[in-house]
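Asks: Sequence first, then the predicted structure, then my questions.
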Amino acid sequence: MRARARIRLACAVLALLILPGVLAAQVAGQSDAQPAAQSNDLQSNDLLNRIWDGVQQAQKKYTSSCGTITETRTSSLMARPLVLHGKFCAEGMTRFALEYSEPSKVSIRFNQDYLNVRVGDKTEVLEVGSNVRRTQSYFSRENSIANLQKNFTITVQEDSGDYAMKLVPRTDAFRRRLNYLVVKLDKKDFLLRSLEVDGKSGVNSVFVIDVNSLNPKIPPETFEVYKPK
């Protein structure tokens with residue numbers, strides 16, 4: 001069970017890592033599509049276009065960031081929610097470091113091709129670069145619009161301070177693993193503020209992200225990982 005929990009945690013972090021590219025493609029697919037089944041509401045189209053433009057500008061403007069993450073994990077099998085507190089730094093789409101300090105210490109680092117998950121004195125080394133690139137290419141290639149419309153139903157809402165996007169899988173390939181995702185972006189800078197992942201395993205995780213440093217110069221050793229020999 002402990003190993004499975006580490007894998008779930010690593011997968012959640014990877015989801016955060018690839019999210020900007022995925023999100024951009026998803027919004028593009030919805031805003032560019034014209035069939036009546038998608039949306040006939042001009043206001044919705046305007047909102048989608050606004051989000052799309054904002055995400056693109058944010059990706060170009062902010063190439064690195066650091067901040068804090070609070071993950072609240074719930075399940076019908078848990079007596080009470082598990083709340084994890086940590087700090088992260090990210091650089092582009094290929095480097096990510098997260099250090100959970102509470103309730104126990106967990107270190108997660110992703111650099112190019114390799115993911116390290118360290119719990120106590122044990123480090124698990126995984127080669128995941130090809131999987132990450134495959135996922136990114138799936139959502140960014142020329143036919144990504146058709147893929148997204150086939151696999152997800154996407155709804156967008158505008159709140160007082162956020163844009164919220166809910167993604168519900170349509171096809172079995174995604175429904176087997178995922179009930180839904182909810183992505184919230186800040187209306188001012190279009191940065192990710194929270195991510196909710198509701199999985200078929202019965203575990204719901206909500207990640208609240210607080211970015212406190214944009215475009216910092218991050219020491220290379222922050223992203224150092226062990227590689228298989």
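Replies: Received it, and whenever you're ready, just let me know what you need.
Asks: If we go by neighbour counts, what in the helix or strand containing Glu99 is buried?
Replies: For Glu99, the host element (DSSP states H and E) is strand 95-102. Residues 95-100 are the ones in strand 95-102 that count as buried (16 or more other C-beta atoms under 10 Å). In this view, the C-beta of every residue, glycine as well, is placed from N, C-alpha and C.
Asks: Among the residues you listed, which one sits closest to Leu84?
Replies: Nearest to Leu84 out of the buried residues of strand 95-102 is Tyr100 (C-beta to C-beta; 5.1 Å).
Asks: Identify the residues contacting that closest one.
Replies: By C-beta atoms under 8 Å, 6 or more residues apart in numbering, the contact set of Tyr100 is 71, 84-86, 106-108.
Asks: and those, which of them are in strands?
Replies: Among the contacts of Tyr100, the members found in strands (DSSP state E) are 71, 84-86, 106-108.
Asks: Could you dump those residues into a markdown table and include neighbour count and pLDDT?
Replies: Listed next are the ones in strands among the contacts of Tyr100 as a markdown table, based on neighbours: other C-beta atoms under 10 Å; pLDDT from 0 to 100:
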| residue | neighbour count | pLDDT |
| --- | --- | --- |
| Glu71 | 22 | 89 |
| Leu84 | 19 | 91 |
| His85 | 13 | 94 |
| Gly86 | 20 | 92 |
| Val106 | 20 | 88 |
| Ser107 | 15 | 90 |
| Ile108 | 23 | 88 |
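Asks: tell me which of those is nearest to Glu158?
Replies: Lowest distance from Glu158 to the ones in strands among the contacts of Tyr100 (C-beta to C-beta) belongs to Glu71, with 25.5 Å.
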